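Visitor: Predicted model follows, preceded by the sequence.
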Amino acid sequence: MNETDIRQTILGNLFAAERERWVLWLPVFLGVGIGGYFALPVEPAGWLGPAVLGMIVIFAVLFRERIGARLIFFALVAVALGFCVAQFRTDDVAAPVLEKRLRSATVEGRVIFVEPNGKGRRILLDEIHISRIAPERTPEKARIRISARGPELRPGDRIQVRAGLSAPPPPVAPGAFDFQRQSFFRGLGAVGFAYGPPKVIASSEEPDFLLFLADARLAIGERVMAGLGGVDGTLARALMTGERGAIPQKVLAAMRDSGMAHLLAISGLHIGLVAGILFVGIRAGLALIPQVALRYPIKKVAAALGIVGALAYALIAGATIPTQRAFLMVGLVLLAVVLDRRGLSIRTVAWAALLILLIQPESLLGASFQLSFAAVTGLIAFYERFRDIGRGTGGGAYTWNRRLLFYLGGVALSTLVAGSVTGPFAVYHFNRFAVFGLAANLGAVPLTALWIMPWAVVAFILMPLGLEGLALVPMGWGIGAVIHIAETVAAWPGAVTLLPAMPVWGLVSVALGGLWLALWRQSWRYFGVVPIALGLATLWFPDTPDILIDDRGELLAARMGDGKLAVSTLRKGRFDREIWLRRSGQANGAKSWPREGESPDGRLACDTLGCIYRVDGMVVALVRGEGALSEDCRNADALVSSVPVSDNCPSAGVVIDRFDLWREGAHAMWLDDGNFRVQSVNGSRGDRPWVLRPKSASN
């Protein structure tokens, strides 16, 4: 037997030894197909996915006798199925999107969601009629900001309001968060703000389960605020209903910078605690009744009622992706109790991921799905590998202080593992890493689990009796302590590290390496460290642009000699500017360009008509007035203009003018060793259904 045969035998034996783990890769291959669909630069023909899937199935049947071929075709079927599911989902949710901005229009529609937002409210409408827009071009849903003044609105109310509307905005830079794509899959075709209070023209009369849930969520939130109020009330409302819009920005920033933002997202911790509290409480209560405890399987009854309670909580909380994942896992665990089977395992995670991807394939691209499944997969894989740690150490009965020590150690270890596996995803989506998250969570997680959430469950139970205040007050004490922890830790020097944007391929490399490490059990699993290291290495070699231009030409940014961005103005484009700075890993804000004269490093020279940017002998003209075009078109190597460029620029190899920005969105430019590399928002996204192309000028 030669060396090649020996290697093949070793790999074959390792693969065969993992037989019961093969099924765990089904959602992974499904995700590969979904990711492949979204990575395409153009929308594929409708027949492509089903045709490829059909061909693979035929070959799988023909070669079903050979185990190797059967496994390969099994993987290919999952990939093709993922592609088909994403393609079908895109076609199924397609709906009209507002084609041009409306500065003022009369909007009539049915309220399906109301959320406090800062000093006002944010409402979501369906069954919409918009003045001057034909019915076939009217979006299915619109989101409008209204003031806190005006009539009280309930889900199901039909209202009329004067509002300014526009299509969902595109990303502010190539590679930034794509709100247009998210809105497309949510059926959201317009966003805007109201000029005055809405007028209620009819109330809901038809029963609707989704409207009932929305109204119940709003009513519970109002009861919480009435019983607790203040900042503590806004956090209690978020924990009980999932509505976070009313939480002050200062508190949100503290929770985020201390690494405790996950406590505000209804996920596994919250769903698991609600289900666990109900399970233990119901079982203990039934055990106190001998006639019931001796005749009926009270453990199974408690598990079944725990499932019902967890489902009700998930629905009230809005059934977001983390909530869906958490409920599916908790539900499967409790169902296993009912059926006398083993509950929590890595298979539970796989089936939950598979179900969500089949129903909502676009969720694969979202931070919620990635962070949620990364955390739970990493934790279960870790405890599968090290489940015997701490067993048999000391023997005898556990004293209360030893139990507390083990509990705090478990919280610390879980936080460390979860923070490690979700860190790359948090950096990719939010460009930040909470340095002291372990210390903050060591105090906040036990407080949430042992005090805040039990009182939340009691508040839910007492609410029909109007006695929820008895539970909300002590719940508020715990919330106040959590806020104090968050603000204290966030104020520590160096609490947050901003990191530059990671490329997509870097995140994919980390994800696939992590899955290889988590899903296999044999020694070859450690090969997953290699792609993880390659993905993380991209953070040390960021590909940040030298020049950024927003989609209206009103805000520009240029990289200075110290590597930081300077911007053309601090008065406009605050939202775009903050995202540009965050994606470049810049923590201390941006300086403004000189109005006239040169910057200290000599890169920028400005006058009233624009600026000249020089790097390594390359000259870029940044024009804001037509009077500069004639000279700059003769001298610059590249030209960026906030006004239209009608004539040719003989010296400029690259020209980006007002019309390019209007058609293609924000632009980024790199100056690489004498060459210009330009990428636009729409150019990077391709010709897809969610990419809006302008059809006429704004009115």
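Guide: Great, that's in hand. Numbering: from 1, shown residues only.

Visitor: Residue 497 in helix, strand or coil?
Guide: Secondary structure for residue 497, judged by DSSP: H, G, I helix; E, B strand; the rest coil, is strand.

Visitor: what pairs with it across the strands?
Guide: Beta-bridge pairing for residue 497 (DSSP bridges): residue 433.

Visitor: Report pLDDT for it.
Guide: pLDDT, residue 497: 88.

Visitor: With the one 5 residues further on instead?
Guide: Listed pLDDT for residue 502 reads 91.

Visitor: Please compute how far the helix or strand residue 425 falls within lies from its chain's middle.
Guide: Using DSSP states H and E, residue 425 maps to helix 400-430. Helix 400-430 sits 20 Å away from the centroid of its parent chain (Cα atoms, centre = their mean, to the nearest Å).

Visitor: Which other helices and strands does that helix contact?
Guide: Packing partners of helix 400-430 (3 or more Cβ pairs under 8 Å, 6 or more residues apart in numbering; DSSP states H and E): helix 367-385, strand 432-434, helix 437-447, helix 504-519. Every C-beta, even on glycine, is put in place using the N, C-alpha and C of the backbone.

Visitor: What residues sit buried inside stretch 299-315?
Guide: Going by neighbour count (16 or more other Cβ atoms under 10 Å), the buried part of stretch 299-315 is 299, 301-307, 309-311, 313-315.

Visitor: Return the subset of those residues lying in helices.
Guide: Residues of the buried residues of stretch 299-315 located in helices (DSSP state H): 299, 301-307, 309-311, 313-315.

Visitor: Look at residue 477 and tell me its secondary structure.
Guide: Following three-state DSSP, residue 477 is assigned to helix.

Visitor: what about it, distance to residue 441?
Guide: 19 Å (Cβ to Cβ, to the nearest Å).

Visitor: In terms of neighbours, single out the busier of those two.
Guide: The neighbour comparison of residue 477 against residue 441 (other Cβ atoms under 10 Å) goes to residue 441, with 26 against 13.

Visitor: Who are the contact partners of that one?
Guide: By Cβ atoms under 8 Å, 6 or more residues apart in numbering, residue 441 lies in contact with 259, 260, 411, 415.

Visitor: Count the residues that sit near the closest residue to the first one other than its chain neighbours.
Guide: Take residue 259 and drop its neighbours on the chain: the residue closest to it by Cβ to Cβ, 6 or more residues apart in numbering is residue 437, 2.3 Å away. Residues near residue 437, counting by other Cβ under 10 Å, number 26.

Visitor: pLDDT value on residue 546, please?
Guide: The per-residue pLDDT reported for residue 546 equals 93.

Visitor: Sorry, slip of the keys, the one I care about is residue 389.
Guide: Residue 389 is assigned 55 on the pLDDT scale.

Visitor: again with residue 698
Guide: We have a pLDDT of 42 for residue 698.

Visitor: now swap in residue 103 and tell me
Guide: On pLDDT, residue 103 comes in at 92.

Visitor: hang on, the earlier thing: could you single out the nearest of the ones in helices among the buried residues of stretch 299-315 to residue 140?
Guide: Of all those, the one with the least separation from residue 140 (Cβ to Cβ) is residue 315, at 22.2 Å.

Visitor: my guess is that closest one contacts residue 213, does it?
Guide: Yes - judged on Cβ atoms under 8 Å, residue 315 makes contact with residue 213 at a distance of 5.5 Å.

Visitor: Now do the same for residue 492: helix, strand or coil?
Guide: Here residue 492 takes the coil state, with states given by three-state DSSP.

Visitor: how about the nearest residue to it, chain neighbours excluded?
Guide: residue 436 (5.8 Å).

Visitor: what about the one you found, how many neighbours?
Guide: 18.

Visitor: quick one: which of the contacts of residue 441 is most hemmed in?
Guide: Going by other Cβ under 10 Å, residue 259 tops the contacts of residue 441 with 27 neighbours.

Visitor: And what about it, helix, strand or coil?
Guide: Taking three-state DSSP, the label given to residue 259 is coil.

Visitor: Please look at it and residue 434 and confirm they touch.
Guide: Yes - distance between residue 259 and residue 434: 3.1 Å, which falls inside the contact criterion (Cβ under 8 Å).

Visitor: Now for the two: what residues contact both?
Guide: Common contacts of residue 259 and residue 434 (Cβ under 8 Å, 6+ apart): 419, 440.

Visitor: Report the central residue of this structure.
Guide: Most central in the chain under Cα atoms, centre = their mean is residue 367, positioned 2.8 Å from the mean C-alpha point.

Visitor: check contacts around the nearest residue to residue 543 once chain neighbours are set aside.
Guide: Nearest residue to residue 543 in three dimensions, chain neighbours excluded: residue 503, at 6.6 Å (Cβ to Cβ, 6+ apart). By Cβ under 8 Å, 6+ apart, residue 503 lies in contact with 175, 538, 543.

Visitor: Save the residues you listed as JSON lines, and put in secondary structure and distance to residue 67 too.
Guide: Formatted as JSON lines, the contacts of residue 503 follow (DSSP: H, G, I helix; E, B strand; the rest coil; distance: Cβ to Cβ, whole Å):
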{"residue": "175", "secondary structure": "coil", "distance to residue 67": "42"}
{"residue": "538", "secondary structure": "helix", "distance to residue 67": "38"}
{"residue": "543", "secondary structure": "coil", "distance to residue 67": "43"}
